[in-house]
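Colleague: need a structure here:
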Amino acid sequence: MSIDDYQARYQPYSGSTDKILLQSQPLVTGVFRPELIVIDDAAHASEADLWPVFANYDARGYLMIGDPFQLHPVVESTPQNNPLYAVSATSPFRRLHMNECCSACWTSSTAWPACWVIW
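Modeller: Next up is the predicted model:
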């Protein structure tokens, strides 16, 4: 394949991963119907990370696994310019844990603290 052929074939997709995913969204969510969605490292996921999962898939259950005391969502704004900074910096998983909504939690001197939430 020549460079011209390559550019003609792949140039339209350069830097447009989101566009491709959005165009294929009905196909993906229409065909893929999971019964259980597992979210690993859930303490690191922000609400914005989880919205597409909860909005597009009607699973029977969701299993969130993680350590609520480890990594938190990355928020690039500051408390001074974002009135919702505290909410944004706390993952939904951590909020569930703080409100004692965990299905199971344990800590041990030989293992890391862990939690999971099923609903």
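Colleague: need the strands for this protein, in chain order.
Modeller: 36-39, 61-66, 104-106, 114-118 (DSSP state E).
Colleague: Give me the sheet partners of the longest one and which way each runs.
Modeller: Using DSSP bridges, the strands paired with strand 61-66 in its sheet are strand 36-39 (parallel), strand 114-118 (antiparallel).
Colleague: same question for that strand, mean pLDDT?
Modeller: Averaged across strand 61-66, the pLDDT comes to 82.
Colleague: Is Met64 in contact with Arg94, as I believe?
Modeller: No: contact criterion CB atoms under 8 Å: Met64 and Arg94 do not qualify, at 10.4 Å. Yep, even glycine has a C-beta here, placed from its N, CA and C like the rest.
Colleague: which of those two has more neighbours?
Modeller: Met64 (25 against 22; other CB atoms under 10 Å).
Colleague: Distance-wise, check the more buried one relative to Arg95.
Modeller: The gap separating Met64 from Arg95 is 11 Å, by CB to CB, to the nearest Å.
Colleague: Then His44?
Modeller: Counting by CB to CB, the gap from His44 to Arg95 is 14 Å.
Colleague: what about those two, which has more around it?
Modeller: Legend: neighbour count by other CB under 10 Å for His44 and Arg95, higher for His44 (18 against 13).
Colleague: give the contact list for the more buried one.
Modeller: Residues near His44 by CB atoms under 8 Å, 6 or more residues apart in numbering: 66, 70-73, 91.
Colleague: If any of those are buried, put those into a PyMOL selection.
Modeller: Buried members of the contacts of His44 can be picked out in PyMOL with the line below, counting by 16 or more other CB atoms under 10 Å:
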select buried, resi 66+72+73+91
